[in-house]
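Chemist: this one's structure only:
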């Protein structure tokens, strides 16, 4: 039984290492503007570590950049589920909710972000600007 537990821990450690490798390459490709390659690496990072929040969050940012707010919301939601204190994911999900006309959900995320330490006035201004840009 001990050997199986030890093997399981070793495998988990290897998964985290490989996930980190994919994540770092995804960030590099995203910075270079190669979104399809970045997405490929983010997908693998998420697949290797479904309990992390960083790969979901950054893949969500990539979806924001290419104009896919629904997919971004999904990734920000996964990041928040894995780390409820992920302030940045809450802020961006709030903005994506505002962009897609879901004001109540945007406000709920804004309130939680403020509770986590975000500046209410700055967030409310961002939400207002986002609504204005999206024509809502």
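Modeler: Received it, and whenever you're ready, just let me know what you need. As the structure is a computational prediction, the values presented were derived from the model and not from experiment.
Chemist: where in the chain is pLDDT low?
Modeler: 1-4, 6-14, 136 (pLDDT under 70).
Chemist: run a quick neighbour tally on residue 69.
Modeler: 20 (other CB atoms under 10 Å). C-beta coordinates here come from the backbone N, C-alpha and C atoms, glycine included.
Chemist: what's near enough to touch it?
Modeler: Neighbouring residues of residue 69 by CB atoms under 8 Å, 6 or more residues apart in numbering: 63, 96, 99, 100.
Chemist: quick one: residue 55 from residue 135, how far?
Modeler: According to CB to CB, to the nearest Å, residue 55 and residue 135 sit 32 Å apart.
Chemist: more neighbours: which of these two?
Modeler: residue 55 (28 against 7).
Chemist: secondary structure class for the more buried one?
Modeler: For residue 55, the assignment made with DSSP: H, G, I helix; E, B strand; the rest coil gives helix.
Chemist: neighbours of the closest residue in space to it that isn't next to it in sequence, how many?
Modeler: Leaving aside its chain neighbours, residue 55 sits nearest to residue 45 (4.0 Å; criterion: CB to CB, 6 or more residues apart in numbering). Residues near residue 45, counting by other CB under 10 Å, number 25.
Chemist: contacts only, for residue 45.
Modeler: Per CB under 8 Å, 6+ apart, neighbours of residue 45: 19, 20, 22, 23, 26, 52, 55, 59.
Chemist: rewinding a little: closest one to residue 35 out of the contacts of residue 69, please.
Modeler: residue 63 (9.5 Å; CB to CB).
Chemist: what sits against the closest residue in space to the closest one that isn't next to it in sequence?
Modeler: In this structure, residue 63 finds its nearest non-sequential neighbour in residue 72, 3.9 Å apart by CB to CB, 6+ apart. By CB under 8 Å, 6+ apart, residue 72 lies in contact with 60, 61, 63, 64, 92, 93, 96.
Chemist: and those, which is closest to residue 84?
Modeler: residue 93 (12.3 Å).
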